[in-house]
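S.K.: attaching a predicted model along with its sequence, questions to come.
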Amino acid sequence: TQMEPLGSVESVKAVSDVYSPVSGTVLEVNEELLDAPEKINNDPFGEGWIARIEPSDLEAELSNLMDVPKYRVYLTMPQSH
């Protein structure tokens, strides 16, 4: 389900949930991240992918997502994230 936890990423300082950007069926999970979690930071659009999801209602949920410019603005806003 969109915005529900898909999994978590653990670091030395914290454990953070990873939220699903869309509702749908998980088709594949990147098992390589278990041995090389740094790929998430080093190559998030390449080898650092987390899961492949078959969206169930992509058109309806796209408006809930941010593109890169909107996300950059969001990160500069004074709020907790």
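M.R.: Looks like it came in fine.

S.K.: need the phi and psi values for L27.
M.R.: phi -90, psi -30 (degrees, to the nearest 10).

S.K.: for it, what are its contacts?
M.R.: L27 is in contact with 51-54, counting by C-beta atoms under 8 Å, 6 or more residues apart in numbering. Where C-beta positions appear, they are placed from N, C-alpha and C, glycine not excepted.

S.K.: tally of neighbours for the spatially closest residue to Q2 that is not a sequence neighbour?
M.R.: Nearest non-adjacent residue to Q2, counting by C-beta to C-beta, 6 or more residues apart in numbering: S23, 4.6 Å away. In terms of burial, S23 registers 16 neighbours under the definition other C-beta atoms under 10 Å.

S.K.: do V18 as well
M.R.: Residues near V18, counting by other C-beta under 10 Å, number 13.

S.K.: mind listing what the nearest residue to E47 once chain neighbours are set aside touches?
M.R.: In space, E47 comes closest to K39 once its chain neighbours are excluded; the distance is 4.9 Å by C-beta to C-beta, 6+ apart. When the contact criterion is C-beta under 8 Å, 6+ apart, the partners of K39 are 30, 32-33, 47-48.

S.K.: which SS class is G7?
M.R.: Here G7 takes the strand state, with states given by DSSP: H, G, I helix; E, B strand; the rest coil.

S.K.: which parts of this protein are strands?
M.R.: All strands of the chain, identified by DSSP state E, fall at 5-10, 15-19, 24-29, 51-55.

S.K.: can you check which helix is longest in the protein?
M.R.: As assigned by DSSP state H, the longest helix anywhere in the chain is helix 68-76.

S.K.: go through that one and flag the buried ones.
M.R.: Burial within helix 68-76, assessed by neighbour count using 16 or more other C-beta atoms under 10 Å, is assigned to no residue.

S.K.: any idea how far that helix is from the chain center?
M.R.: Here helix 68-76 shows a centroid-to-chain-centroid distance of 15 Å under the convention C-alpha atoms, centre = their mean, to the nearest Å.
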